[in-house]
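Visitor: Structure for the following, please:
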Amino acid sequence: MPEFNFWYSIGSTYSYLTVMRLDDWCEDNDATVVWRPFNVRTIMSEQQNIPFAGKPVKSAYMWRDIERRAAKYHIHAKLPAPYPISDLALANQVALLGMQDGWGKAFTQNLYRIWFEDGLEAGHENAMSEALHRCQQDPRLVLSRARSPEIATALEAETNTAIQLGVFGAPSFVVRDEVFWGDDRLDDALSWVRVGHVI
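Guide: Alright, predicted model coming up:
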């Protein structure tokens, strides 16, 4: 199977759905997915795209849509969750550091649970610290490393890679240079991997 990349950004509400179901989905479909955190806010700023600010009807739809889809997947969520998150860059720098060290996926899943189930905003240091504790990591050490210029530059590089691939939002799935945007496109991406078209 060609490389199947899951581009996500902690801070993306719809990424919650993928983050919480992807392990089971991979097992059901005999698939392996590479988790790729990036800074979606950078891309949205460049596009002058502010998706929900000042748009109460669209925001209400988003939360109801996530609620419906979460029920479909048997995922528990207490909505609406605090949004937007404050330190999106740092949250994704921690995730990227974790991907390098082997605990990034668990951190991401735990942080989304804390955000969407416990109601603690994911960009807050307390939320990140709790997620790190759940991964048996030292929050002070990890947060210090995540704030380093090296990790900040690494996240910027990942974001630039996402841009070059044509990723403009999260969650996105990239296979064979094809971009599939949105949690509801996950099965289409798998179809593309397996047969070269969407079925």
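Visitor: Going by C-alpha atoms from here, please, whenever you check contacts or count neighbours.
Guide: Will do.
Visitor: What count of nearby residues applies to Asn110?
Guide: Neighbours of Asn110 under the rule other CA atoms under 10 Å: 23.
Visitor: Reduced to three states, what does it come out as?
Guide: helix (DSSP: H, G, I helix; E, B strand; the rest coil).
Visitor: Export the helix or strand bottoming out on mean pLDDT in the chain to PDB, keeping only CA atoms.
Guide: When the helices and strands of the chain are scored by mean pLDDT, DSSP states H and E, helix 40-46 comes last with a mean of 85. The C-alpha coordinates for helix 40-46 follow below in PDB (Å, rounded to 0.1, in the frame of the first residue of the first chain):
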ATOM      1  CA  VAL A  40      -3.700  24.800   9.800                       C
ATOM      2  CA  ARG A  41      -4.000  28.400  11.200                       C
ATOM      3  CA  THR A  42      -0.900  29.400   9.200                       C
ATOM      4  CA  ILE A  43      -2.600  28.200   6.000                       C
ATOM      5  CA  MET A  44      -6.000  29.800   6.900                       C
ATOM      6  CA  SER A  45      -4.300  33.100   7.700                       C
ATOM      7  CA  GLU A  46      -2.600  33.100   4.300                       C
END
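Visitor: Packing partners of it?
Guide: helix 149-165 (3 or more CA pairs under 8 Å, 6 or more residues apart in numbering; DSSP states H and E).
Visitor: Contacts for the helix it packs on, please.
Guide: 7, 36-40, 42-43, 92-93, 96-97, 145-146, 168, 174, 177, 179 (CA atoms under 8 Å, 6 or more residues apart in numbering).
Visitor: cutoff 6 Å now
Guide: For helix 149-165, the external contacting residues (CA atoms under 6 Å, 6 or more residues apart in numbering) are 38-39.
Visitor: can you give me the strands for this protein?
Guide: 5-8, 34-37, 172-175, 178-181 (DSSP state E).
Visitor: Show me what the third one is packed up against.
Guide: The contact analysis (3 or more CA pairs under 6 Å, 6 or more residues apart in numbering; DSSP states H and E) places strand 172-175 against strand 5-8, strand 178-181.
Visitor: Switch the ones you listed over to CSV; also include mean pLDDT.
Guide: CSV is the format used below for the helices and strands packed on strand 172-175 (pLDDT from 0 to 100):
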stretch, mean pLDDT
strand 5-8, 98
strand 178-181, 97
